[in-house]
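> Quick one, what's the 3D model for this:
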Amino acid sequence: MNLETAIDPWAEWLKIGLIQTGLHPSAWAHGPYISSEEEGAAIAEIRALASAFDGGDAPDLVVLPELAVPRGWEPQLRRLAERLEAVILAGLDYRLLPGRRVRNEAVLVVPGPWRGERIGRGTVVRRIGKTYPATAERRELEKASWTFEGDPAVWVVDAGRFGSFGVAICYDFLDLERAAMYRGRLQHLFVLSFNQDAASFSHVAEALARTVFANVVVCNCGHYGGLARRLAL
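So this is what the prediction gives:
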């Protein structure tokens, strides 16, 4: 997937917009089914915060945390990406599979027009899976008789003159083998998380920026906070 465009070659900045929804962990108190109250609140938050990007100053890329977007709301994300002419990277609610298995995924939405230039015939949507569940995540799913199914794929996306970027969903951010694979292969790393220990992720972002030599952006859920932005040295 290539995001390279014919825009001004002197453009040096990639504008990132972050939407930190405030989902509460109790939204999944009974397994991988978000409560209707939390689902409605999440949709209202996304709509309200996304409207702040209207008015001619939209970001180039919009990031939402892990599990932020309710199932069935992907078409609205697609329309939002097309309206803003911005790439959207968002964590999705659990994907339910046969045999009481679940996957934790993010969606990457690349609109045909980006930054005022057409880069493709139409909007492209790709899913990016989480490889490793957090200990508490696995425990809560197993209590409800569900099994986490990891996705072993590691994504690196070509963004043209802006370099390449990787995506990690929460606990995958701590995978040392993945970090070693990233070194020298990307310039930006986006981390989508729903993590109580935000301070630890901030420290890891600092460390990876210095060892992988990449810009690291951590977008955590608003309930726990801890937005971390770390530029590579």
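> partners of the strand of greatest length in the chain in the sheet?
The strand that spans the most residues within the chain, counting by DSSP state E, is strand 61-69. As defined by DSSP bridges, the strand partners of strand 61-69 come to strand 16-18 (parallel), strand 87-92 (parallel).
> Quick check: which of the ones you listed is buried the most?
Mean neighbour counts were taken over the strands paired with strand 61-69 using mean count of other C-beta atoms under 10 Å, and the top value, a mean of 26, falls to strand 87-92. Every residue, glycine included, has its C-beta placed from N, CA and C.
> Just the C-alpha atoms of it, please, in CSV.
The C-alpha trace of strand 87-92 is given here as CSV (Å, rounded to 0.1, in the frame of the first residue of the first chain):
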residue,chain,number,x,y,z
VAL,A,87,-5.9,8.2,6.7
ILE,A,88,-7.6,6.7,9.7
LEU,A,89,-6.0,4.1,12.0
ALA,A,90,-8.4,2.9,14.6
GLY,A,91,-8.8,0.0,17.1
LEU,A,92,-11.9,-2.0,16.6
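> if you average pLDDT over it, what comes out?
For strand 87-92, the per-residue pLDDT values average out at 94.
> contacts for it?
With contact meaning C-beta atoms under 8 Å, 6 or more residues apart in numbering, strand 87-92 is reached by 3, 60-69, 71, 74, 77, 80-81, 104-111, 114, 127, 167, 169, 190, 192, 194.
> mind listing what's buried in stretch 163-170?
For stretch 163-170, the neighbour count (16 or more other C-beta atoms under 10 Å) marks Ser164, Phe165, Gly166, Val167, Ala168, Ile169, Cys170 as buried.
> I'd like these as CSV, with pLDDT, distance to Leu96 and secondary structure appended.
Supplementary listing: the buried residues of stretch 163-170 in CSV, determined by pLDDT from 0 to 100; distance: C-beta to C-beta, whole Å; DSSP: H, G, I helix; E, B strand; the rest coil:
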residue, pLDDT, distance to Leu96, secondary structure
Ser164, 89, 32, strand
Phe165, 91, 29, strand
Gly166, 92, 27, strand
Val167, 94, 22, strand
Ala168, 93, 23, strand
Ile169, 94, 17, strand
Cys170, 91, 19, helix
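> Point me to the helix or strand that includes Ala81.
Taking DSSP states H and E as the definition, one finds Ala81 inside helix 74-84.
> Give the buried residues for that helix.
Of the residues in helix 74-84, Glu74, Leu77, Arg78, Leu80, Ala81, Glu82, Leu84 count as buried by neighbour count, 16+ other C-beta under 10 Å.
> Which strands or helices does it pack on?
Contact analysis of helix 74-84 by 3 or more C-beta pairs under 8 Å, 6 or more residues apart in numbering; DSSP states H and E lists strand 61-69, strand 87-92, strand 105-110 as its packing neighbours.
> quick one: contacts for the residue nearest to Glu38 when sequence neighbours are not counted?
In space, Glu38 comes closest to Ala27 once its chain neighbours are excluded; the distance is 3.7 Å by C-beta to C-beta, 6 or more residues apart in numbering. By C-beta under 8 Å, 6+ apart, the contact set of Ala27 is Ile34, Ser35, Glu38, Glu39.
> List only buried entries from these.
Neighbour counting with 16+ other C-beta under 10 Å marks Ile34, Glu38, Glu39 as buried within the contacts of Ala27.
> Please save the CA atoms from the helix or strand hosting the second one in CSV.
For Glu38, the enclosing helix or strand under DSSP H and E is helix 36-51. The C-alpha coordinates for helix 36-51 follow below in CSV (Å, rounded to 0.1, in the frame of the first residue of the first chain):
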residue,chain,number,x,y,z
SER,A,36,-25.0,-0.9,24.6
GLU,A,37,-24.5,2.2,26.9
GLU,A,38,-20.7,2.2,26.3
GLU,A,39,-21.2,1.6,22.6
GLY,A,40,-23.5,4.6,22.3
ALA,A,41,-21.2,6.8,24.3
ALA,A,42,-18.2,5.7,22.1
ILE,A,43,-20.0,6.6,18.9
ALA,A,44,-21.1,10.0,20.3
GLU,A,45,-17.5,10.8,21.3
ILE,A,46,-16.1,9.8,18.0
ARG,A,47,-18.6,12.0,16.1
ALA,A,48,-18.1,15.0,18.4
LEU,A,49,-14.3,14.8,18.4
ALA,A,50,-14.0,14.1,14.7
SER,A,51,-16.1,17.2,13.9
